[in-house]
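Undergrad: Here is the input, now give the coordinates:
(one chain, ligands or ions: 1)
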Amino acid sequence: MEVWPVLSTVLHDPTMFKSPSVFNPENFLDENGCFKKNDAFVPFSSGKRICLGESLARMELFLFFTTILQSFQLKPLVPPEDLDPTPLENGFITVAPVYHLSVIPR
Ligand code: HEM
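TA: A predicted model of the protein is given here:
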């Protein structure tokens with residue numbers, strides 16, 4: 001028997017996330033605006049087949065984004081309220097929409 005784990009059902013669980021279908025940092029904040037660990041956030045899976053590269057990926061993402069944010073100011077070309085971050089579906093996976101940014105050295 002084959003078991004296919006479908007992480008998207010866990011990552012979109014309405015009982016675990018305030019707004020599971022939209023990008024909302026409040027999904028990870030408590031009532032005081034402090035970071036709150038959510039056990040349902042398992043993008044690297046869990047158990048025996050958990051991602052072997054999790055700590056490398058987390059380190060890379062941290063270094064990548066902190067380096068960019070320390071060195072540049074990022075500005076959208078349109079008012080932020082006009083941006084729609086809803087992921088695009090291609091029938092198999094969802095992908096982030098394309099954005100154009102102005103990248104200004106600090
Ligand atoms: C943001 C980046 C990444 C995400 C979200 C991610 C996510 C995942 C997920 C969900 C699985 C489990 C797939 C399953 O259910 O079988 C997995 C497996 C795996 N990942 Fe990643 N991964 C990332 C980056 C990396 C990197 C950087 C490496 C290595 C340098 C890596 C190496 C692996 C390996 C070897 C497995 C297979 C583990 C096994 O089946 O025993 N991943 N990853």
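Undergrad: Spatially central residue for the chain, please.
TA: What sits nearest the mean C-alpha location of the chain, by CA atoms, centre = their mean, is residue 23, with 7.4 Å.
Undergrad: what sits against it?
TA: Applying CB atoms under 8 Å, 6 or more residues apart in numbering, we find residue 23 in contact with residue 85. Every residue, glycine included, has its C-beta placed from N, CA and C.
Undergrad: closest point of the chain to the ligand, which residue?
TA: Using CB to the nearest ligand atom, the closest approach of the chain to the ligand is made by residue 53 at 2.0 Å.
Undergrad: for the ligand, what are the nearby residues on this structure?
TA: In this structure, the chain approaches the ligand at residues 5, 7, 43-45, 49, 51-53, 56-57, judged by CB under 6 Å from any ligand atom.
Undergrad: change it to 8 Å
TA: With the criterion set to CB under 8 Å from any ligand atom, the chain comes near the ligand through 5, 7, 42-45, 48-54, 56-58, 60-61.
Undergrad: What about those, which are in helices?
TA: Among those, the members found in helices (DSSP state H) are 7, 54, 56-58, 60-61.
Undergrad: hmm, which two among those are most spread apart?
TA: Maximum pairwise distance in those, criterion CB to CB, is 20.0 Å, between 7 and 60.
Undergrad: For the chain, just list every one of the strands.
TA: Assignment of strands within the chain using DSSP state E yields the ranges 72-76, 88-89, 94-95, 101-105.
Undergrad: In TSV: these, plus mean pLDDT.
TA: Compiled in TSV, the strands of the chain are given as follows (pLDDT from 0 to 100):
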stretch	mean pLDDT
strand 72-76	94
strand 88-89	85
strand 94-95	84
strand 101-105	95
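Undergrad: Looking at those, which is nearest to residue 34?
TA: In terms of CB to CB, the element of the strands of the chain nearest to residue 34 is strand 72-76, at 24.8 Å.
Undergrad: need the ones in helices among the residues of the chain next to the ligand in a markdown table with neighbour count and pLDDT, can you?
TA: Supplementary listing: these in a markdown table, determined by neighbours: other CB atoms under 10 Å; pLDDT from 0 to 100:
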| residue | neighbour count | pLDDT |
| --- | --- | --- |
| 7 | 12 | 88 |
| 54 | 12 | 97 |
| 56 | 10 | 98 |
| 57 | 13 | 98 |
| 58 | 11 | 97 |
| 60 | 11 | 98 |
| 61 | 10 | 97 |
